[in-house]
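**Student:** Sequence first, predicted model second:
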Amino acid sequence: MPHADISRSVRLGALGWSDPAWRGTFYPADMPDEWRLTYFNTQFNCVFLAQADWRRASSDQLAQWNADTHEQFVFLLEGEAAQPAPEALAGKALLMRPDDPAILWFTRNSSLKQLAGALSENAVAMPHFLVSRDGDLGQMERVATLLEVMGR
């Protein structure tokens, strides 16, 4: 799916949804692992998955991921844009290189002012995906607030 098929909104997510540090903080301690994506997608609307992670998932697993996420959720799958997305994730997946300019990576140490500037400079040029590299929940919350303040 090319970038033009995704709305011009800004999406917030992380590198994967299985960060062990999130158990008992973001995810309830007693939540089964298979419920994590469903919960993750209530708070965020995209996830970046390394090629090694998404390629080892079976077609049934990919179909379950599709079923576990809302219609606006986007799976950013590491790969070449010319490759077809897995059929089981049709309409919800983009194959992207990690250095794609539509992805704005951030960490706990990233400057919110710089993120805001990057978003303002390219406001209509393309959709943006703000993706946490380190899964720092505090910074992800601050970025979510920044997006609200910016009306994105």
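**Tutor:** That came through fine.

**Student:** Can you tell me which helices and strands the helix of greatest length in the chain packs against?
**Tutor:** When the chain is scanned for its longest helix (criterion: DSSP state H), the result is helix 137-149. Helix 137-149 is packed against strand 10-15, helix 112-121, strand 128-132, with contacts defined by 3 or more CB pairs under 8 Å, 6 or more residues apart in numbering; DSSP states H and E. C-betas here are computed from N, CA, C, even on glycine.

**Student:** Buried residues of the helix or strand bottoming out on mean pLDDT in the chain, list them for me.
**Tutor:** Within the chain, no helix or strand scores below helix 112-121, which has a mean of 88 by mean pLDDT, DSSP states H and E. Within helix 112-121, the residues scored as buried using 16 or more other CB atoms under 10 Å are 115, 116, 119.

**Student:** tell me which of these is nearest to residue 95?
**Tutor:** Set against residue 95, the nearest of the buried residues of helix 112-121 by CB to CB is residue 119 (23.1 Å).

**Student:** which residues does that closest one contact?
**Tutor:** Residues in contact with residue 119 (CB atoms under 8 Å, 6 or more residues apart in numbering) are 10, 104, 128, 150, 152.

**Student:** Let's see that with 10 Å instead.
**Tutor:** Residues in contact with residue 119 (CB atoms under 10 Å, 6 or more residues apart in numbering) are 10, 104, 128, 130, 146, 147, 150, 152.

**Student:** Same question for residue 152.
**Tutor:** Residue 152 neighbours (CB under 10 Å, 6+ apart): 8, 9, 10, 11, 12, 116, 119, 120, 123, 128, 130, 146.

**Student:** circling back: weed out the non-buried ones from the contacts of residue 119.
**Tutor:** The buried subset of these (16+ other CB under 10 Å) comprises 10, 104, 128, 130, 146, 147, 152.

**Student:** now the residues you listed as TSV including pLDDT and distance to residue 81?
**Tutor:** Output for the buried ones among the contacts of residue 119, formatted as TSV (pLDDT from 0 to 100; distance: CB to CB, whole Å):
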residue	pLDDT	distance to residue 81
10	89	20
104	93	17
128	86	16
130	95	19
146	94	28
147	92	25
152	77	24
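
**Student:** I'd like the residues you listed as JSON lines, with distance to residue 32 appended.
**Tutor:** Output for the buried ones among the contacts of residue 119, formatted as JSON lines (distance: CB to CB, whole Å):
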{"residue": "10", "distance to residue 32": "31"}
{"residue": "104", "distance to residue 32": "32"}
{"residue": "128", "distance to residue 32": "32"}
{"residue": "130", "distance to residue 32": "28"}
{"residue": "146", "distance to residue 32": "32"}
{"residue": "147", "distance to residue 32": "30"}
{"residue": "152", "distance to residue 32": "33"}
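
**Student:** Thanks again, I'm all set now.
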